[in-house]
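*Asks:* sequence plus the predicted model coming up.
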Amino acid sequence: MSTYLLVHGAWHSGQCWERVVPPLASAGHRVLAPSLTGFGDRAHLLGPEVGLDTHVDDVVGLITEKDLTDVILVGHSYAGLVVSSAAERVPGRVAQLVYLDAMVPEDGENALDVQPVTQALIDRAAGSGTGWRIPPMPELPPPLGLFGVTEPADVAWLRAMLSDQPVLCFQQRVRLADPAARAIPRAHIHCVGAVPEGIERRPVPATQPNGDPSRVWELETGHDCMITMPDELAELLLKLA
């Protein structure tokens, strides 16, 4: 039995994994899909002081509190930063890192470095009443939809779970220097459906930081593949167990 820890991206909550959890669990694995501070059942904790470091603490705290080991740590989108930093702090407990259409940072980088279009979101927040709240991305005409989700019922379900994202999440930097964390095997899953203008994806190097050949899989769907292609995503994740 493996333990999957699924970490949602910006604006989302742990609820977004609802369709992926059953196929992983039915295969006999333990699956956790928490909401990070400020989202889902923890939305009341949202504040300007919530940042990347807060969310790393959330993940590390859950791993240590539940004494999890051999974790397959999956980060979607912004959570690529979160899982990278979490693995840095508890490398002995993480069996594999999975970057799901995610930001993949280098040491010292933040979301702005990995995805420069993020600056426009921060600028928009600066002109708002609070200065620190970034509202969710707007729904765009198909095939872009809302984070790649286009079915009306799914869009309504997704919109209901979204919360504003604190600016600090995109400003704080990762610190990645532990050789033990670099030794953790990695996999990348790219969503290769329609992509909004300005979104960039860094090429995955031919080799992982540990020297093994890189593993890159693709799903022909939009960004929120856990909603649009949950069974196909689960099938890929089960290859790592």
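*Replies:* Received the coordinates, thanks.
*Asks:* bridged to the closest residue to Arg30 other than its chain neighbours, which residues?
*Replies:* Residue nearest to Arg30 in three dimensions, not counting chain neighbours: Thr3, with 4.4 Å by C-beta to C-beta, 6 or more residues apart in numbering. C-betas here are computed from N, CA, C, even on glycine. Bridge pairing for Thr3 (DSSP bridges) gives the partners Arg30, Val71.
*Asks:* equivalent analysis for Cys191, please.
*Replies:* With DSSP bridges as the criterion, Cys191 is bridged to Leu219.
*Asks:* what sits against it?
*Replies:* Neighbouring residues of Cys191 by C-beta atoms under 8 Å, 6 or more residues apart in numbering: Asp101, Gly148, Glu218, Leu219, Thr221, Gly222, His223, Cys225.
*Asks:* which among these end up buried?
*Replies:* For the contacts of Cys191, a burial check counting by 16 or more other C-beta atoms under 10 Å picks out Asp101, Gly148, Leu219, Thr221, Gly222, His223, Cys225.
*Asks:* now stretch 71-91: buried residues?
*Replies:* Applying 16+ other C-beta under 10 Å to stretch 71-91 flags 71-91 as buried.
*Asks:* in helices, which of the contacts of Cys191 fall?
*Replies:* Cys225 (DSSP state H).
*Asks:* just the contacts of Cys191 now: which is nearest Ser26?
*Replies:* Cys225 (19.1 Å; C-beta to C-beta).
*Asks:* residues near Arg182, how many?
*Replies:* 17 (other C-beta atoms under 10 Å).
*Asks:* measure the nearest residue to it once chain neighbours are set aside to Lys239 for me?
*Replies:* Leaving out its chain neighbours, the residue that sits closest to Arg182 by C-beta to C-beta, 6+ apart is Pro209, at 4.1 Å. Between Pro209 and Lys239 the computed distance is 20 Å (C-beta to C-beta, to the nearest Å).
*Asks:* next structured bit after the helix or strand of the chain with the lowest mean pLDDT?
*Replies:* When each helix and strand of the chain is scored by mean pLDDT, DSSP states H and E, helix 118-126 comes last, with a mean of 89. Per DSSP states H and E, the first helix or strand lying C-terminal to helix 118-126 is strand 133-134.
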